[in-house]
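Visitor: A structural model of the following input is requested.
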Amino acid sequence: MEIKQIKEQIAGFLKANSGQSFTAQNLADGLRLEDATGYRQVVSVLEGMVDAKSARKDGEAYQFQAQNGDVIGEFKANDKGFGFVRYDENLPDYFIAPDNTGQAMQGDTVRVSMVKPAQSEDRGPEGKVEEIVEHSYQRLVGIFTAGSQQKGALGQIRLNDKKAGSYQVLVTGVKDELSLHDGQVVVADVSRFADKIHPKQLLVTVTQVLGYENEPGMDIMQIVENKKVPNHFPDEVMAEADAIPSEVQKEEWAGRADITDQPLVTIDGADTKDIDDAVVVWKKDNGNYHLGVHIADVSHYVRPGTAIDKEAYNRSTSVYLTDRVIPMLPQKLSNGIASLNPDVIRLAMSVEMEIDDQGRIVSHDIHQSVIKSHARMTYKAVNEILAGEEATRNEYEALVPMFEEMGELHQILYKKRSRRGAIEFDTPEASIVVDENGKAIDVVVRERGTSERMIESFMLAANETIAEHFDRLQVPFLYRIHEVPDEERAQSFFEFAKSLGYPVKGDPAKVSPMMLQGLMAQVKDDPAEQMISTMMLRAMKQAKYSPDPLGHFGLGAEFYTHFTSPIRRYPDLTVHRLIKWYETHGTGVEAQEKYASHLGQIGEDTSTRERRSIDTERLVDSMKKAEYMEDKVGQEFEGVVSAALKFGLFISLENTVEGLVHISNLTDDHYEYDEKHAALIGRSKHHIFQIGQKVKIKVIRASKEESTVDFILLNPEEAPTTDIRVPQQNNGKFGRDRKPGQRNGGNRNNNSRGPRKDQGSSNNRRGSAGPAKGNGNGNRRSQSSQGPAKNNRGPKANGSKPQGQNSQSQPKRGGRSFKISQRP
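Guide: Numbers count the residues shown, from 1 in each chain. Down below sits the predicted model:
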């Protein structure tokens, strides 16, 4: 490749990914310049860009740098026509006036120049959009209406997306002579974006018809298409899936341990079809426990480079949406040969552990196996057995002793995690019940019993064991990491907790899981518990996938990976491949080169697609909950303040439905927002509203189309009063001085202010170690902002073990399946 071409590609890539940093090795790998000459060319180009000030260097990483002090960021549109651009999470956003947006749309990557510098700490700079670097709305989804007064237009598309809803979308082309009719849900590619001549107009070509607006499930599919979630398996993928045998062949047993005689069981939800893990426990003669965690060997059927593999990577995760699942793999695999159904032979990846009465794993064995599940158990049945329900215990009499030993081992493992500082957030999670037409008819809080927590304990133990094993071998590997919170965020949280009378013992610059766990113990069953828990979650970073073994802060774990769900998570599938590779080829330099340069990109891509999945699930939940509440207008409920912000209060009901009390509806006083205490405080009567406070509300509006629910407070005068006095900075803006009906900033569809996913909770189904859909109770999903990809194994942060995590030396672990020496 010529040097000019290398420079053009690198410059374009860094500009399109501004805000992210990449090493020369990252970029060389991306350009497939795998020899020393190619690497030197990349370094030369990058150093030239640094000299020309079109890139900046931070350590070994490079990042795009705009010219003349301009910045690159993401445009956030407001319904009123103005917007904001965030370019650095540690600096205030640029305010963009309506005349300076440059026709940028929500989510566009833009280059911004400064018009006016920041006026104060709470008022950022004002800017002007100079260039749209990348359009976010290249594909649109909406409802087609035939006919238009515009010359050459076949019709118009009505968008459900509020941020783009003010645009006129004209259909000027149709792919493959599709037949268009009123009321159809269509997908269209943008052929002309808004410009100075047509500032609020888009021209599009319809490429797909999904169905009609009122068909069951079409509301969900609009969101799926808007979020660009792949939901159709290409023909070549289905052909490969059809070619896979439906039963394990005898010749496939070769090289695997036959443990079909072990009394393995699966424990899942009653409606689970993709069963990817089986467990077994027994007490050994020495008093220790044997724990076997056996995971479906998906990697045996999904080989690298195949059509199935490429599609799985493109999806990276299964997506769980109200009444449907968009699987990562075709159902013939996920519900068939790779599902550990009872009384059938299956191939598995196994980790068998011996655990003492303190939860220490004294030995382990990682190997390929042939297994048979002896029973398909449900959480409900196992919970009943552990609770002493006689009828259920009689039904499964032969297995009861094992379940009791499982319960004992779970308690041991739970106490071990608690001793090292694992933080547990136990926020309620709900299921949305729909009728035959797909309409939401109920929202039911899911209960999380002992069996759910027990399986989680076993999955966590397996994930940690795998991660530590390969860290000890010092080979390239893929980890699930949750980094230590930033000092600034930790400091702010410490100050917040102190203001409530709960000082955190310790230095925020050296925050540890034990510090935060100690705080949660202080506020247990206290009215401030939810408030402290919510603000703690917001202070934490998001978990992600990385080749760097930085540990998992929320779990207090020095080593962590995802091994237990290869049916629904691509990183787990990658981990299975790595295990097999090193088992077969050893851990020498040549063997390490196979994956070393790819793991950083895999971690980055799968983390990004995981967030896409999370966002899609959130949007669907928000819409269906609003639909459920549409016929509840006028009804009264009790709730809890889940957020206090400048524009009002978010109230969460017992069933997890959340609505907004806009500040214009707080008419008993003039309210000011106090950021330090995360509270709204009345100027005159000094009533205060904070997270965790119980209130009574009435539903005044619910809109499925907008995914919003609005409340008013009943008896606001019953709120507690405070001695806190807030400076009157917003006279005429809030409370009685505000015009009714204004909802600026009050849309919570994007959950930008809600708790982040996978921020340290250990209570997620299948050991994913993070809140799913906000908390992870009984959920089969795992969640994760990831930073730059790092393809090479580097030293641990600060050259040491992650702060606050167990740094005690561990005994060297054995394992008969890996006959390879550890590197010094």
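
Visitor: residue ranges with poor pLDDT in the stretch 101-250 of the chain?
Guide: Along the stretch 101-250 of the chain, segments meeting pLDDT under 70 span 121-122, 165.

Visitor: quick one, helices of the stretch 251-400 of the chain?
Guide: 307-315, 331, 379-386, 390-395, 400-419 (DSSP state H, counting those that start in this stretch).

Visitor: where does the residue sitting furthest away from the middle of the chain fall, phi/psi-wise?
Guide: What lies farthest from the middle of the chain is Lys151; by CA atoms, centre = their mean that is 44.7 Å. Reported as degrees, to the nearest 10, the phi and psi values for Lys151 are phi -60, psi 130.

Visitor: again, but for Ala194
Guide: phi -60, psi 140.

Visitor: ok, now which ones touch the closest residue in space to Asn715 that isn't next to it in sequence?
Guide: Leaving aside its sequence neighbours, Asn715 sits nearest to Lys696 (CB to CB, 6 or more residues apart in numbering; 6.2 Å). Glycine gets a C-beta too; all of them are placed from N, C-alpha and C. Each residue near Lys696 by CB atoms under 8 Å, 6 or more residues apart in numbering is listed here: 636-639, 713-715.

Visitor: and with 10 Å instead?
Guide: Counting by CB atoms under 10 Å, 6 or more residues apart in numbering, Lys696 makes contact with 636-639, 651, 711, 713-716, 718.

Visitor: so what's it bridging to?
Guide: Residues in a beta bridge with Lys696, per DSSP bridges, are Glu638, Leu714.

Visitor: who are the neighbours in contact with the residue farthest from the centre of the chain?
Guide: So Lys151 contacts 170, 172 (CB under 10 Å, 6+ apart).

Visitor: now it: how far from Lys200?
Guide: 18 Å (CB to CB, to the nearest Å).

Visitor: How is this structure partitioned into domains?
Guide: According to automatic domain parsing, the chain is divided into the following domains: 3-65, 68-134, 139-215.

Visitor: Could you export those domains to CSV, including columns for distance to Leu550?
Guide: What follows is these, written out as CSV (distance: least, CB to CB, whole Å):
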stretch, distance to Leu550
domain 3-65, 16
domain 68-134, 19
domain 139-215, 35
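
Visitor: So for Gln542, which of those domains sits nearest?
Guide: With CB to CB, the closest approach to Gln542 among the domains of the chain belongs to domain 68-134: 11.7 Å.

Visitor: centre of the chain versus that closest one, how much separation?
Guide: 26 Å (CA atoms, centre = their mean, to the nearest Å).

Visitor: same question, stretch 512-523
Guide: Put simply, stretch 512-523 sits 24 Å off its chain's centre (CA atoms, centre = their mean).

Visitor: wait, doesn't Ala257 sit right on Val370?
Guide: Yes - judged on CB atoms under 10 Å, Ala257 makes contact with Val370 at a distance of 7.2 Å.

Visitor: Where does pLDDT dip in this structure?
Guide: The chain contains residues with pLDDT under 70 at 1, 51-53, 66-68, 89-90, 121-122, 165, 727-824.

Visitor: Let me see the contact set for the residue nearest to Gln201 when sequence neighbours are not counted.
Guide: In this structure, Gln201 finds its nearest non-sequential neighbour in Gln168, 4.8 Å apart by CB to CB, 6+ apart. Neighbouring residues of Gln168 by CB under 10 Å, 6+ apart: 148, 150, 153, 156-158, 194, 198, 200-203.

Visitor: Show me which of the residues you listed are buried.
Guide: Neighbour-count burial (16 or more other CB atoms under 10 Å) applied to those gives 153, 156-157, 194, 201-203.

Visitor: mind checking how far Ile366 is from Glu177?
Guide: In this view, Ile366 and Glu177 are 56 Å apart by CB to CB.

Visitor: just to revisit the earlier point, nearest to Ser316, out of the contacts of Lys696: which one, please.
Guide: Of the contacts of Lys696, the one sitting nearest to Ser316 (CB to CB) turns out to be Ile651, at 34.5 Å.

Visitor: tell me the SS of that closest one?
Guide: strand (DSSP: H, G, I helix; E, B strand; the rest coil).

Visitor: Quick check: it touching Gly692?
Guide: No - look at Ile651 against Gly692 with CB under 10 Å: they stay out of range, at 11.4 Å.

Visitor: between these two, which one's more packed in?
Guide: Between Ile651 and Gly692, Ile651 has the larger neighbour count (other CB atoms under 10 Å), namely 26 against 19.

Visitor: Let me see the contact set for the nearest residue to the more buried one once chain neighbours are set aside.
Guide: Leaving out its chain neighbours, the residue that sits closest to Ile651 by CB to CB, 6+ apart is Gly639, at 4.2 Å. Gly639 is in contact with 649-655, 657-659, 661, 693-697, 711, 713, counting by CB under 10 Å, 6+ apart.

Visitor: just to revisit the earlier point, between Ala257 and Val370, which contacts overlap?
Guide: With CB under 10 Å, 6+ apart, Ala257 and Val370 have common neighbours 348, 350.

Visitor: Give me the common contacts of Ile651 and Gly692.
Guide: 640-642.

Visitor: Now, of those residues, which are buried?
Guide: By neighbour count, with 16+ other CB under 10 Å, the shared contacts of Ile651 and Gly692 hold 640-642 as buried.

Visitor: Filter those down to the ones in strands?
Guide: 640-642 (DSSP state E).

Visitor: From those, pick the one nearest Asp309.
Guide: Asp309 lies nearest to Ser642 out of these, by CB to CB, at 41.1 Å.

Visitor: Give the closest residue to that closest one in space, chain neighbours not counted.
Guide: In this structure, Ser642 finds its nearest non-sequential neighbour in Ser652, 4.1 Å apart by CB to CB, 6+ apart.
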